[in-house]
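Asks: Provided below are the primary sequence and the corresponding predicted coordinates.
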Amino acid sequence: MERKALIDNDGNSPVYDGSVNGPDLTLTGDTDDDDSDGYTYEQAVVETGYGKFHYLLLALCGWAVSSDAIEILCVSFILPAAQCDLQMTTADKGALNAVIFGGMLVGGYLWGSLADIQGRRAILLWSLGVNGLGGLASSFAQSYWLFFILRFISGIGVGGSMPVLFTYFVEFQPKNKRGMMVSVMATFWMFGNIIAAGLAWIVIPRYNWGYSSTDFTYNSWRIFVALCTFPSFTSAAVFVIMPESPKFLMQKSKEFEALAVFKMMYRCNNPGKASSDFKVNHLLVARKQNSGPTDTGLGRCNRLWCKCKYTAGQLATATVKLFKPPLRTTTIVLYFTFFILSFGYYGLWMWFPQLFERMEHVGGSACSPPPNATRNSTDGDNCTGRIENSVFVDSFLTSTSNLPGNILSILLMDRVGRKPLLVSSMTLSGITVFFIWFVNNKASGVALSCVFGGIATIGWNTLDVLDTELFPTELRSTAFGLQTALGRVAAIIANVLFGELVDVYCAVPILMVASFLVVGGLSALKLPNTMGTDLL
């Protein structure tokens, strides 16, 4: 008995049957048994139970998420200390903040799309490795431009691991826990922020650490950059022993391999039980019908250029599907919302340490310009590369301010729903940013920054859940990766804009961020409701 791979429409959720602009999909097994005896993905994952495996998976994926947060934010902490060694102007700092997002733009789309073709686990190994190697190499760079290039390479790795991590994690979760557990995993971004702030506070002010000669310098801020790569390397090492996503294996018609993963999950979650006790023996896996040249094209490619050409064609096909019915409206609205939140959040967050240092030395508001400020101002002969401890304290506080937002996300995601949380968090974030312009002392500025971080966190967590629920398995990583790439374009624009304007027209980007966030929040009203639906 043959069953179409359809997800019922509840009036709000998208419908995808696998036949829109692509090959027809059916749910079937690899045996001749009647399919009525088979289990769907949602049924099989429930039969494995919920326990030790899922918590270990949460710890691993969460640690990898923390590694990405640390790698992104470490540059913002070293800017005041590295400005002397690398002879950076304010515009140079803006470009350096932006370059990792340039790498993430490339990596997000490339790795994310490849994960839908080659599998989640292999891409995670590669992307985390590239992230760590690029970051470690950058700590040895003695010139601004070499440091700049190596941070770009690190960004390529970060861009790949972010979308694939959430895709991989969600494909092990039952639907009744999906929203909550993705929110818990997103909380590890805050832990990454805290680790980066705490590590910077411990290491960077130790100006006597390291080695220095006329030709080579390896001082405290470089040691900090090297230490920030540890989470990436350790995460990659553990993923070597992790299984492939069972949802991906079922989508690729690999019933035997998917069953092996489910049985391993069952044994881990149910101590004392054997694989023979797992009552699922037959899965309803997706199988392409009417196989043609497209299905066997890769097998006929014996040369590297042929394989690259075939893979590029698959990436392009998957991307086009996102912008055709029935996914087009959802894709456009979700990407617009993500673009706006990325512009607002990273435009401010990456500059908070620099603004805190300015408040400490100049006084007044975040927009109080330093003496004789210009777009390309430097400290000239007075450059010391030393940072007040209060700057690290303030950054630590803004990092921990995400905790209330994370707790609310975990508690409300499967109760209130995704859309109400996203709309309210982005709108309130915009209102908070608007008032940053008016504060006239450092304490108020730090307090509003903390409020902004906590509220914006709810928006990020909600988008992480929606990203994994709105798209079918064969497009999930591609959609997430392309969205990540667009978000990095927003982050690049925001950081370059802040770098150019923060010294002379500071109010312009702040008010722009405030208005954009409100508009982005209201646009999210057009997104469908996915709470309680099966994973497509």
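Replies: Right, received. Where do you want to start?

Asks: drop to CA atoms for contacts and neighbour counts, all remaining ones
Replies: Fine.

Asks: excluding chain neighbours, give the residue nearest to Gly344 in space.
Replies: Val513 (4.9 Å; CA to CA, 6 or more residues apart in numbering).

Asks: contacts only, for the one you found.
Replies: 343-344, 347, 430, 433 (CA atoms under 8 Å, 6 or more residues apart in numbering).

Asks: which of the helices or strands spans it?
Replies: Per DSSP states H and E, Val513 falls inside helix 507-523.

Asks: repeat for Asn495
Replies: helix 473-501.

Asks: quick one: the strands in the stretch 151-300 of the chain?
Replies: 211-212, 217-218, 285-288 (DSSP state E, counting those that start in this stretch).

Asks: neighbours around Ser143, how many?
Replies: By other CA atoms under 10 Å, the residues close to Ser143 number 12.

Asks: quick check: phi and psi on it?
Replies: Ser143 adopts backbone torsions of phi -120, psi 160, taken as degrees, to the nearest 10.

Asks: tell me the pLDDT at it?
Replies: With respect to pLDDT, Ser143 has a value of 86.

Asks: pretty sure it sits against Leu86.
Replies: Yes: using CA atoms under 8 Å, Ser143 is in contact with Leu86, at 5.8 Å.

Asks: the residue nearest to Ala490 when sequence neighbours are not counted sits in which helix or strand?
Replies: Using CA to CA, 6+ apart and skipping the chain neighbours, the partner closest in space to Ala490 is Phe343 (4.6 Å). Element membership for Phe343, per DSSP H and E: helix 328-349.

Asks: what packs against that helix?
Replies: helix 473-501, helix 507-523 (3 or more CA pairs under 8 Å, 6 or more residues apart in numbering; DSSP states H and E).

Asks: ok and the first one relative to helix 328-349, angle-wise?
Replies: The reference is to helix 473-501. Counting by axes from the mean of the first three to the mean of the last three CA atoms, to 10 degrees, helix 473-501 lies at 40 degrees to helix 328-349.

Asks: who are the packing partners of helix 473-501?
Replies: Counting contacts by 3+ CA pairs under 8 Å, 6+ apart, helix 473-501 packs against helix 90-118, helix 144-170, helix 246-251, helix 304-322, helix 328-349, helix 442-469, helix 507-523.

Asks: for Leu397, find the nearest of those.
Replies: helix 442-469 (7.0 Å; CA to CA).

Asks: what is the mean pLDDT for the closest one?
Replies: Mean predicted confidence for helix 442-469 is 80.

Asks: how far off centre is it?
Replies: 14 Å (CA atoms, centre = their mean, to the nearest Å).

Asks: and that helix, what's buried?
Replies: 442, 445-469 (16 or more other CA atoms under 10 Å).

Asks: cool, and stretch 164-176?
Replies: Neighbour-count burial for stretch 164-176 [16+ other CA under 10 Å]: 164-175.

Asks: ok, residues contacting that stretch?
Replies: By CA under 8 Å, 6+ apart, stretch 164-176 touches 42, 45-46, 54, 57-58, 61, 64-65, 111-112, 115, 120-121, 123-124, 178, 181-182, 245-248, 464, 468, 476-477, 480-481, 532-535.

Asks: which among these end up buried?
Replies: Here, 16+ other CA under 10 Å leaves 42, 45-46, 54, 57-58, 61, 64-65, 111-112, 115, 120-121, 123-124, 178, 181-182, 245-248, 464, 468, 476-477, 480-481, 533, 535 buried among these.

Asks: state the distance from the residue nearest the centre of the chain to Leu422.
Replies: Closest to where the C-alpha atoms of the chain average out (CA atoms, centre = their mean) is Met162, at 3.6 Å. The gap separating Met162 from Leu422 is 20 Å, by CA to CA, to the nearest Å.

Asks: what's around Asn208, how many residues?
Replies: 10.

Asks: with the one 4 residues further on instead?
Replies: Neighbouring residues of Ser212 were enumerated by other CA under 10 Å; the total is 11.

Asks: that one: what's it in contact with?
Replies: By CA under 8 Å, 6+ apart, the residues touching Ser212 are 218-219.

Asks: mind checking pLDDT for Gly134?
Replies: Reported pLDDT for Gly134: 90.

Asks: nearest spatial neighbour of it, skipping sequence neighbours?
Replies: Ser154 (4.3 Å).

Asks: that neighbour is in contact with Leu128, isn't it?
Replies: No: Ser154 is beyond contact range of Leu128, at 9.1 Å (criterion: CA under 8 Å).

Asks: which residues of the stretch 1-150 of the chain score low on pLDDT?
Replies: Within the stretch 1-150 of the chain, the ranges that satisfy pLDDT under 70 run 1-37.

Asks: in it, which spans are strands?
Replies: 3-4, 25-28.

Asks: hang on, the earlier thing: tell me the spacing between the residue nearest to Gly344 and Ile458.
Replies: Taking CA to CA, one finds Val513 at 17 Å from Ile458.

Asks: list just the nearest of the buried residues of stretch 164-176 to Tyr218.
Replies: Leu165 (32.9 Å).

Asks: and the gap between that closest one and Gly112?
Replies: 10 Å.

Asks: cool, and Met190?
Replies: 23 Å.

Asks: kindly report the same for Ala490.
Replies: 18 Å.

Asks: same deal with Lys419?
Replies: 24 Å.

Asks: now Leu57
Replies: Counting by CA to CA - Leu57 and Gly112 are separated by 20 Å.

Asks: quick one: pLDDT of Cys367?
Replies: 60.

Asks: with the one 4 residues further on instead?
Replies: Looking at Pro371, its pLDDT reads 52.

Asks: and the buried residues of stretch 164-176 as JSON lines, adding pLDDT and distance to Ala95?
Replies: Shown next, in JSON lines, are the buried residues of stretch 164-176 (pLDDT from 0 to 100; distance: CA to CA, whole Å):
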{"residue": "Val164", "pLDDT": "85", "distance to Ala95": "27"}
{"residue": "Leu165", "pLDDT": "87", "distance to Ala95": "27"}
{"residue": "Phe166", "pLDDT": "85", "distance to Ala95": "28"}
{"residue": "Thr167", "pLDDT": "85", "distance to Ala95": "30"}
{"residue": "Tyr168", "pLDDT": "90", "distance to Ala95": "32"}
{"residue": "Phe169", "pLDDT": "91", "distance to Ala95": "33"}
{"residue": "Val170", "pLDDT": "87", "distance to Ala95": "34"}
{"residue": "Glu171", "pLDDT": "88", "distance to Ala95": "36"}
{"residue": "Phe172", "pLDDT": "91", "distance to Ala95": "38"}
{"residue": "Gln173", "pLDDT": "89", "distance to Ala95": "39"}
{"residue": "Pro174", "pLDDT": "88", "distance to Ala95": "42"}
{"residue": "Lys175", "pLDDT": "82", "distance to Ala95": "42"}
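
Asks: quick check: Tyr207 vs Thr214, distance?
Replies: In terms of CA to CA, Tyr207 sits 17 Å off from Thr214.

Asks: so what's the residue count around Leu482?
Replies: 25.

Asks: my read: it touches Val106, true?
Replies: No: counting by CA under 8 Å, Leu482 does not reach Val106; the two are 9.2 Å apart.

Asks: so what's Ala137 up against?
Replies: Counting by CA under 8 Å, 6+ apart, Ala137 touches Leu150.

Asks: ok, Met104 touching Met162?
Replies: No: counting by CA under 8 Å, Met104 stays clear of Met162, with 9.2 Å between them.

Asks: not counting sequence-adjacent ones, nearest residue to Phe339?
Replies: Nearest non-adjacent residue to Phe339 (CA to CA, 6+ apart): Gly487, at 4.7 Å.

Asks: which ones are touching that neighbour?
Replies: Neighbours of Gly487 in contact, by CA under 8 Å, 6+ apart: 105, 338-340, 342-343.
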